[in-house]
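Student: Starting from these lines, generate the structure:
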Amino acid sequence: MQSLILSIVGLSVLCHLSWARGCCVPKQWTGDMGFMVGTNRNGKAGYQAGMVKIFYDARNGKFAEFSKGVVDGRPFEGGVIMDFETGVQYTFMDGHCNTTRLSQKEFKEACIPEEAKAVSDTHMGTADDSLDVTVYQMARKRIGGNSYFTITNKLCVPVGETITGTLPMSGMGYMSTVGYTGIEPGIKDPRVFDKPRICSSQVEEGFVDLYLKFGFLNHEMSSIF
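Tutor: Below you'll find the model as predicted:
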């Protein structure tokens, strides 16, 4: 598997940014995130595509996502569960799991980062049936990219994002795009945050590089999560 999958397991790890200049997403919600990523490394093309089911619960300090998709034609299935009450994270993919300590002590809400710049106030749909949104631009230095993401004005709900760039370490060029659909308030079944059966209750102490262990960058699809 390529070293770059700019989504899949754990887009939660990215941000929960502590500094925000704009709104924060709703306290509790579920939704779907579709993604597609194209890569180019030394002239060799690659792609990833799939769907992610997101469960976001700022009130109880929990986050989960479950992903299915393909990487260069090969299927994968994985996810991440983060429980800030217990300080434990479960990262699992294709039948393998790691139980690790969360690097952050407290759940930080997903908000528009301070460094993001509003570049367009517009709407989606027609004038008679439209949704007001704002488009933001932000540099993504860690992954050598530039991001444009869209947020609704009324409830601060994520709509979509496109990131283009070149990974500093590997020189791999990429373009990723995501879109959010089916977002609903609340968490209907809190059992989504329970420990998966394939995961151990024994926490691995010390630093575990999940990127190297699972073979992908796992959390860079979104600028606010």
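Student: Export only the CA atoms of stretch 24-31, formatted as PDB.
Tutor: Extracted as PDB, the C-alpha positions of stretch 24-31 are listed here (Å, rounded to 0.1, in the frame of the first residue of the first chain):
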ATOM      1  CA  CYS A  24     -17.100  25.400  15.400                       C
ATOM      2  CA  VAL A  25     -19.000  22.500  14.000                       C
ATOM      3  CA  PRO A  26     -22.200  21.300  15.900                       C
ATOM      4  CA  LYS A  27     -21.500  19.600  19.300                       C
ATOM      5  CA  GLN A  28     -23.000  16.200  18.200                       C
ATOM      6  CA  TRP A  29     -23.500  14.900  14.700                       C
ATOM      7  CA  THR A  30     -23.100  12.000  12.300                       C
ATOM      8  CA  GLY A  31     -22.500  12.100   8.600                       C
END
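Student: buried set for it?
Tutor: By 16 or more other Cβ atoms under 10 Å, the buried positions in stretch 24-31 come out as Val25, Pro26, Gln28, Trp29, Thr30, Gly31. Quick note: C-beta positions are derived from backbone N, CA and C, even for glycine.
Student: Among those residues, name the ones in strands.
Tutor: Here DSSP state E is the test, and the buried residues of stretch 24-31 give Gln28, Trp29, Thr30, Gly31 as lying in strands.
Student: Is the third one in contact with Lys53, as I believe?
Tutor: Yes. Taking contact to mean Cβ atoms under 8 Å, the distance of 7.3 Å between Thr30 and Lys53 places them in contact.
Student: Where in this protein is the helix or strand with the lowest mean pLDDT?
Tutor: helix 210-214 (a mean of 49; mean pLDDT, DSSP states H and E).
Student: For the residue in the chain sticking out farthest from the centre, list the residues it contacts.
Tutor: In the chain, the greatest distance from the average C-alpha position (Cα atoms, centre = their mean) is reached by Asp128, at 32.5 Å. Applying Cβ atoms under 8 Å, 6 or more residues apart in numbering, we find Asp128 in contact with no residue.
Student: Checking Lys105 next. Helix, strand or coil?
Tutor: Using DSSP: H, G, I helix; E, B strand; the rest coil, the structure places Lys105 in coil.
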